[in-house]
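In: Predicted model, plus sequence, below.
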Amino acid sequence: MGNPKGFLQYTRKVAGYRPLNERTSDFSEVEQTLNEQDRRDQAARCMDCGVPFCQWGCPVMNNMPEWQDAIYRGDWKNAIDLLHVTNNFPEFTGRICPAPCEHACTLSINDEPVTIRENEAAASEKGFELGFIVPNPPQVRTGLKVAVIGSGPAGLACADLLNKWGHTVTLFEKDEAIGGLLRYGIPDFKLNKRLIDRRLEILEEEGLIFRTSTHVGIDVKGQELLNEFDAICLTIGAMKPRSLNVEGAGLKGVHYAMDFLTQQNRVNRGTRIPDEDRITATGKDVVVIGGGDTGSDCVGTSIRQGASSVTQIEILPKPPQDRNPDNPWPYWANTLRYSSSHEEGCERLWSLSTRKCTGDGGKIKSIEVAEVEWLRNNGKTTMMEKPGTVRQIKADLILLAMGFVHCIHEGIAEEFGLQFDPRGNILVDQHFMTSKPGVFAAGDATIGASLVVRAIMQGRNLAKAVDKFLKKNHQPLTISY
């Protein structure tokens with residue numbers, strides 16, 4: 001620990017966002033960066049706690065105190081090397097992770113946690129800038145072949161490790177480019193897609209094989225893969241959206257959030273969307289149903305498209321500004337959060353239930369909502385509509401951002417006859433094996449929609465399980481290069 005008094009000398013300082021009137025006119029990343037000295041000062045605030053609760057709070061168990069100290073000392077190579085021990089893609093999580101590590105940071109007791117997420121992004125950028133992140137292909141190949149289906153964070157992490165360990169890995173992606181929701185779901189203003197391409201170039205040089213525009217279960221049957229590969233890994237995400245089961249939900253102008261977001265990301269890539277298929281907020285009163293991160297992304301995208309107004313509604317109560325007694329440190333703080341999109345011009349409403357959608361000529365014109373009250377009795381929580389609170393909200397475009405229920409069952413999962421848990425997720429054992437021998441699964445497909453950092457953790461653990469399976473059930477050839 002280079003500076004044991006750093007947390008006393010320096011206050012928490014975040015980089016902040018680009019000016020509002022500038023950033024809402026484009027899809028470039030909104031977050032700014034600190035200069036190197038400020039960043040090192042922020043790293044100096046790490047207390048090197050005897051029990052690093054930050055590491056406990058991080059799904060991939062990043063070694064925060066060690067690489068914070070490396071940043072403080074200006075040893076950027078050691079910082080990025082330490083990050084790569086536990087996290088394949090710190091340049092992604094350094095931008096889009098909600099940072100549960102900061103909620104668990106000891107300094108969070110006083111609401112002044114170390115800027116761990118921003119420090120992680122800075123270490124990643126220094127790693128690329130100074131040439132520390134370069135291809136490192138395996139020197140020995142086992143001769144064993146693995147198919148990874150789905151190229152989101154779980155699939156990428158799994159494929160990366162298995163390839164590094166010498167197996168020949170083919171990563172299948174149904175869309176035209178690798179990245180899954182990193183590329184198509186998360187807006188460019190949060191994650192510039194050149195960062196994905198930069199990492200993919202390294203993975204490809206290391207020998208990872210990419211097959212895009214290949215929908216396994218449709219373009220390629222699962223049995224074909226079973227015949228060709230020694231193991232199959234399903235990292236297909238949880239892409240079945242939660243639907244709005246009310247009158248009028250089928251009106252024109254009611255869309256799922258992910259359809260809206262992925263379309264804009266494709267437009268940013270240069271894809272031309274026919275006018276009749278284009279989902280646009282331009283000049284419209286937009287209502288986003290769902291108060292989570294996906295809803296926030298819809299808010300920011302709608303504003304950039306030129307919406308007349310944006311309203312985000314949530315059925316749950318408004319979170320408190322500060323921690324409640326039953327939500328103590330170091331657990332995740334269930335408090336009110338504001339994203340950069342919320343700052344750009346959005347009305348947020350809580351405890352509202354959608355009763356029906358109304359339209360004119362088949363097009364959405366408004367939604368009918370009512371205030372609800374959440375009551376807890378005998379350990380059970382129930383929702384009650386408040387009498388006399390029904391009202392209309394004008395809406396030319398409704399975006400459904402109410403989360404996802406489970407993975408897509410149609411296709412490869414049904415072909416393999418996989419078993420599902422009561423929530424519809426793919427059922428796996430403690431070794432990530434599905435009910436189909438030789439077929440493994442991990443990530444959101446098995447645990448439900450979650451964080452990118454948790455998907456990376458799942459992908460890494462999946463890779464370890466598959467590697468153990470391969471070594472136990474197959475004789476490696478160990479081909480040297």
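Out: Nice, I can see it. Please read all numbers here as calculations on a predicted model, not as lab measurements.
In: Domains in the chain, by residue range?
Out: Taking automatic domain parsing as the criterion, the chain consists of the domains 6-129, 140-239+405-480, 246-256+267-402.
In: possible to save the ones you listed as JSON lines with mean neighbour count and mean pLDDT?
Out: For every residue, glycine as well, the C-beta is placed using N, CA and C. Converted to JSON lines, the domains of the chain look like this (neighbours: other CB atoms under 10 Å; pLDDT from 0 to 100):
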{"stretch": "domain 6-129", "mean neighbour count": "20", "mean pLDDT": "97"}
{"stretch": "domain 140-239+405-480", "mean neighbour count": "20", "mean pLDDT": "96"}
{"stretch": "domain 246-256+267-402", "mean neighbour count": "16", "mean pLDDT": "96"}
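In: Take the helix ranked longest in the chain, keep the C-alpha atoms, and write them as CSV.
Out: Ranked by residue count, the top helix of the chain under DSSP state H comes out as helix 452-473. Presented in CSV, the C-alpha positions along helix 452-473 are these (Å, rounded to 0.1, in the frame of the first residue of the first chain):
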residue,chain,number,x,y,z
VAL,A,452,-22.4,-8.2,-17.7
VAL,A,453,-19.9,-8.8,-15.0
ARG,A,454,-21.9,-11.7,-13.7
ALA,A,455,-22.1,-13.1,-17.2
ILE,A,456,-18.3,-12.9,-17.5
MET,A,457,-18.0,-14.8,-14.2
GLN,A,458,-20.4,-17.5,-15.4
GLY,A,459,-18.5,-17.8,-18.7
ARG,A,460,-15.2,-18.2,-16.8
ASN,A,461,-16.6,-20.9,-14.5
LEU,A,462,-18.2,-22.6,-17.5
ALA,A,463,-14.8,-22.7,-19.3
LYS,A,464,-13.2,-24.3,-16.2
ALA,A,465,-15.9,-27.0,-16.1
VAL,A,466,-15.6,-27.8,-19.8
ASP,A,467,-11.9,-27.9,-19.7
LYS,A,468,-12.1,-30.5,-16.8
PHE,A,469,-14.7,-32.5,-18.8
LEU,A,470,-12.5,-32.6,-21.9
LYS,A,471,-9.4,-33.7,-20.0
LYS,A,472,-11.4,-36.4,-18.3
ASN,A,473,-13.3,-37.8,-21.3
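In: What sits closest to Ala43 if chain neighbours are left out?
Out: Take Ala43 and drop its neighbours on the chain: the residue closest to it by CB to CB, 6 or more residues apart in numbering is Ile71, 3.8 Å away.
In: An error on my part: the question was meant for Lys363.
Out: Distance criterion CB to CB, 6+ apart; nearest residue to Lys363, sequence neighbours excluded, is Lys252 at 4.8 Å.
In: wait, what's in contact with the one you found?
Out: By CB atoms under 8 Å, 6 or more residues apart in numbering, the contact set of Lys252 is Gly359, Gly362, Lys363, Ile364.
In: Show me which of these is closest to Val51.
Out: Val51 has its nearest neighbour among the contacts of Lys252 in Ile364, at 52.8 Å by CB to CB.
In: what kind of secondary structure is the closest one in?
Out: In the three-state summary, Ile364 is assigned as strand, counting by DSSP: H, G, I helix; E, B strand; the rest coil.
In: Enumerate every residue touching it.
Out: Taking CB under 8 Å, 6+ apart, we find Ile364 in contact with Gly248, Leu251, Lys252, Gly253, Val254, Cys357, Thr358, Ala395, Asp396, Leu397, Ile398.
In: Mind listing the residues bridging to it?
Out: Residues in a beta bridge with Ile364, per DSSP bridges, are Gly359.
In: Look up how far Glu371 lies from it.
Out: Going from Ile364 to Glu371 by CB to CB, to the nearest Å gives 22 Å.
In: isn't Ile393 right up against Val287?
Out: Yes: with contact defined as CB atoms under 8 Å, Ile393 and Val287 form a contacting pair (5.9 Å).
In: Quick check: neighbours shared by the two?
Out: Common neighbours of Ile393 and Val287, using CB under 8 Å, 6+ apart, are Thr311, Ile313, Ile367.
In: What about those residues, which are in strands?
Out: Assignment to strands by DSSP state E places the following of these there: Thr311, Ile313, Ile367.
In: Next up, identify which helix or strand Gly155 is on.
Out: Under the assignment given by DSSP states H and E, the secondary-structure element containing Gly155 is helix 153-164.
In: quick one: Val372 is in a helix?
Out: No: secondary structure assignment places Val372 outside any helix; it is strand (three-state DSSP).
In: What's opposite it in the beta bridge?
Out: Per DSSP bridges, residues listed as beta-bridge partners of Val372: Glu385.
In: Does it touch Thr354 like I think?
Out: No: Val372 is beyond contact range of Thr354, at 10.4 Å (criterion: CB under 8 Å).
In: So for those two, which residues contact both of them?
Out: For the pair Val372 and Thr354, residues contacting each of them under the criterion CB under 8 Å, 6+ apart are Ile315.
In: if I look at the residue nearest to Lys363, how far off is Gln392?
Out: From Lys252 to Gln392 the distance is 18 Å (CB to CB).
In: ditto for Phe260
Out: 23 Å.
In: Ok, Ala333 next?
Out: Taken as CB to CB, the spacing of Ala333 relative to Gln392 amounts to 35 Å.
In: give me every residue that touches Lys356.
Out: If a contact means CB under 8 Å, 6+ apart, then Lys356 has Val246, Glu247, Gly248, Ile367, Glu368 as its contacts.
In: and the residue nearest to Pro138 when sequence neighbours are not counted, backbone torsions?
Out: Taking CB to CB, 6+ apart, and ignoring the residues beside it in sequence, Pro138 has Gly166 as its nearest neighbour in space, at 4.5 Å. Note on Gly166: its backbone torsions stand at phi 100, psi 0 [degrees, to the nearest 10].
In: Helix or strand for the nearest residue to Ala122 once chain neighbours are set aside, just tell me which one.
Out: If the residues on either side of it in the chain are set aside, Ala122 comes closest to Arg39, at 4.9 Å by CB to CB, 6+ apart. Secondary-structure assignment from DSSP H and E places Arg39 in helix 36-43.
In: other SSEs contacting the helix or strand following that helix?
Out: Secondary structure here is assigned by DSSP H and E; on that basis, the next helix or strand after helix 36-43 toward the C-terminus is helix 53-57. In this structure, helix 53-57 packs against helix 64-72, helix 100-104, with contacts taken as 3 or more CB pairs under 8 Å, 6 or more residues apart in numbering; DSSP states H and E.
In: so which of the ones you listed gets nearest Tyr338?
Out: Distances from Tyr338 to each of the helices and strands packed on helix 53-57 were compared using CB to CB; the minimum, 15.3 Å, belongs to helix 100-104.
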